[in-house]
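**Student:** structure of the sequence below:
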Amino acid sequence: MKAKILIANRGEIAIRLIRAVQEMGYEAVAVYEAPDEMSRHIRIADEAILLGPGPRCDYLDIDKIIRAARHSGCCAIHPGYGFLSENPFFAKACEAAEIVFIGPTAEIIANLGNKVVARRIMAEAGIPMVPGSENLKQGREGVAEAVAFGVSYGYPLMLKATSGGGGRGIRRIESEKQL
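**Tutor:** Numbering: from 1, shown residues only. The predicted model follows:
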């Protein structure tokens, strides 16, 4: 019996991962929500497990994904991108369930998901970075720090949420007045 890898995603990325897993000699297990029951990734997988009615909420349910992997006898889970791929709690849940998480460790996901911590790690490693600031303080003091940065480096600035990802929490700042 071939080892099985669960693909915890949908659409094009799931199709690519399923093909790669099969080319490597493993069985690919797809998961899906009811609206995706006719999707191609379901048809090309060796096995498919319905997570729930959706839409898109069941792909984020860590317990359902872990149960699906256990039910099908998977030795590993590949999250693809989006959904749970950047969730340190998912990586930790896989570890606790003794299922290999194909991706970075929970600690690395948590550290790199926080832009301030990630910049600190990169600086310590000597990795070149575009100029940026530490975590801004609340209120007027933080605005003053941002203004000083704008004076030093010029506009536009990109103001980013510390733990934002996927383009969320980013604001383009054109001038000091906009700050």
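**Student:** show residues contacting stretch 148-168.
**Tutor:** For stretch 148-168, contacts defined as C-beta atoms under 8 Å, 6 or more residues apart in numbering pick out 82, 86, 113-116, 131, 133, 135, 146, 169-176, 179. Glycine gets a C-beta too; all of them are placed from N, C-alpha and C.
**Student:** give the buried residues for it.
**Tutor:** 149-150, 157, 159-160 (16 or more other C-beta atoms under 10 Å).
**Student:** and which of those is nearest to residue 5?
**Tutor:** residue 160 (33.9 Å; C-beta to C-beta).
**Student:** what sits opposite that closest one in the beta ladder?
**Tutor:** Applying DSSP bridges to residue 160 yields these beta-bridge partners: residue 170.
**Student:** distance of it relative to residue 122?
**Tutor:** To residue 122, residue 160 is 15 Å away according to C-beta to C-beta, to the nearest Å.
**Student:** and what of residue 173?
**Tutor:** Computed as C-beta to C-beta, the residue 173 to residue 122 distance reads 23 Å.
**Student:** and the residue nearest the centre of the chain, its phi and psi?
**Tutor:** Taking C-alpha atoms, centre = their mean, the centroid of the chain lies closest to residue 86, which sits 2.4 Å from it. Main-chain dihedrals, residue 86, degrees, to the nearest 10: phi -110, psi 20.
**Student:** swap in residue 10?
**Tutor:** Here is the backbone geometry of residue 10 (degrees, to the nearest 10): phi -140, psi 170.
**Student:** next up, the contacts around it.
**Tutor:** Per C-beta under 8 Å, 6+ apart, neighbours of residue 10: 32-33, 36, 39, 41, 59.
**Student:** now swap in residue 99 and tell me
**Tutor:** Shown in contact with residue 99 (C-beta under 8 Å, 6+ apart): 66, 69-70, 74-77.
**Student:** strands - which of those land there?
**Tutor:** Cross-referencing those against strands under DSSP state E gives 76-77.
**Student:** ok, which pair from the contacts of residue 99 is furthest apart?
**Tutor:** With distances taken as C-beta to C-beta, the most widely separated pair in those is 66 and 75, at 13.1 Å.
**Student:** which of those two has more neighbours?
**Tutor:** When residue 66 and residue 75 are compared for neighbours, residue 66 comes out ahead with 20 against 13, by other C-beta atoms under 10 Å.
**Student:** do I have it right that that one meets residue 101?
**Tutor:** No - taking contacts as C-beta atoms under 8 Å, residue 66 lies outside contact range of residue 101: 10.6 Å.
**Student:** okay, and the common contacts of those two?
**Tutor:** In contact with both residue 66 and residue 101: residue 94, using C-beta under 8 Å, 6+ apart.
**Student:** this structure: strands as residue ranges?
**Tutor:** Here the chain has its strands, by DSSP E, at 4-7, 27-33, 47-52, 76-78, 100-101, 157-160, 170-173.
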